[in-house]
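# Take a look and give me a structure for this.
(chains A and B)
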Amino acid sequence: EPEVTQTPSHQVTQMGQEVILRCVPISNHLYFYWYRQILGQKVEFLVSFYNNEISEKSEIFDDQFSVERPDGSNFTLKIRSTKLEDSAMYFCASRAGTGIQPQHFGDGTRLSIL
Amino acid sequence: RKEVEQDPGPFNVPEGATVAFNCTYSNSASQSFFWYRQDCRKEPKLLMSVYSSGNEDGRFTAQLNRASQYISLLIRDSKLSDSATYLCVGWEGNQFYFGTGTSLTVIP
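Below you'll find the predicted structure:
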């Protein structure tokens, strides 16, 4: 069964540093998403991406964040100047796009900001 | 505002029991709903989509009541492996929004 894959599985970064989280969505999927989940809290929507542009973003997705699909395969989330409160699990998801289709999640990147 | 509300639990039930979770939503424009399960420190995994007519998949039954704006999940004959957090997820536009989850522990 095709999977969404994310790398790295765990990223440790100093506060103020830039970090890039990588995702390879399922190959024939058209919609891509990033979520975060702070330990013990609910999954929070960050951004959705379709046709090479952002289609929706939440209040959390401020100017520190950006997304890119540089090569038609990878889907990346960049955090420009990390803060302690960015420590969380970050999940990538993709969806086929035609009709009401559920999302399929990658197994996440645990981001720890020191 | 796009929100779903769930009772966080925990629900502790003996093996073989039937357990039901409800989830209420505030946005009547929400187009569709799903139940996901999440194991500790793992990614959410799709359990089932929720249709207005109700749908069943083995021991699991999901219902959507648009008039009262709630979604339910019924698990029959609980197994130890059903222990997880169950997430109610709504969809509107191109955004999915998650409930806080309901924690289930099935006890031997």
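# Poorly predicted segments of chain B, please.
B:1-2 (pLDDT under 70).
# Quick one: name the residues of it near chain A.
Those residues of chain B that sit near chain A, judged by C-beta under 8 Å from any C-beta of the partner chain, are B:31-32, B:34, B:38, B:41-46, B:49, B:87, B:91, B:93-101. The C-beta positions use only the backbone N, C-alpha and C, and glycine is treated the same way.
# tally of neighbours for the residue lying closest to residue B:33 once chain neighbours are set aside?
Excluding the flanking residues, the one nearest residue B:33 by C-beta to C-beta, 6 or more residues apart in numbering or on different chains is residue B:50, at 4.2 Å. By other C-beta atoms under 10 Å in any protein chain shown, 21 other residues sit near residue B:50.
# what sits against the residue most central in space within chain A?
Geometric centre of chain A, nearest residue: residue A:34, 3.1 Å, by C-alpha atoms, centre = their mean. By C-beta atoms under 8 Å, 6 or more residues apart in numbering or on different chains, the contact list for residue A:34 reads A:21, A:23, A:46-47, A:67, A:77, A:90-93.
# If I look at it, what pLDDT would I see?
Confidence at residue A:34, expressed as pLDDT, is 97.
# Now do the strands in the chain.
Assuming you mean chain A. Assigned by DSSP state E, chain A shows strands spanning A:5-7, A:10-13, A:19-24, A:31-37, A:44-50, A:53-57, A:65-68, A:75-79, A:88-95, A:104-105, A:109-113.
# Correction: the question concerned chain B.
B:4-6, B:11-14, B:19-25, B:32-38, B:45-50, B:55-57, B:60-65, B:70-75, B:84-92, B:95-98, B:102-107.
# Can you point out the buried residues in the second one?
Within strand B:11-14, the residues that qualify as buried by neighbour count (16 or more other C-beta atoms under 10 Å in any protein chain shown) are B:11, B:13.
# In chain A, where is pLDDT below threshold?
Scanning chain A with the threshold set as pLDDT under 70 gives A:98.
# Tell me the residues of it that contact chain B?
A:31, A:33, A:35, A:41-45, A:48, A:50, A:55-56, A:58, A:89, A:91, A:93, A:100, A:102-108.
# Just the buried ones from these?
Neighbour counting by 16+ other C-beta under 10 Å classes A:31, A:33, A:35, A:42-45, A:48, A:56, A:58, A:89, A:91, A:93, A:102-108 among those as buried.
# ends of stretch B:21-31, how far apart?
Stretch B:21-31 stretches 20 Å from its first residue to its last (C-alpha to C-alpha, to the nearest Å).
# One more: stretch B:81-100?
21 Å.
# Could I get the buried residue list for that stretch?
B:82-92, B:95-100.
# now do stretch A:13-22
Buried-residue list, stretch A:13-22, by 16+ other C-beta under 10 Å: A:13, A:19, A:21.
# Hmm, the second one is touching residue A:87, no?
This points to residue A:19. No: checked against C-beta atoms under 8 Å, the pair residue A:19 and residue A:87 is beyond contact range at 10.9 Å.
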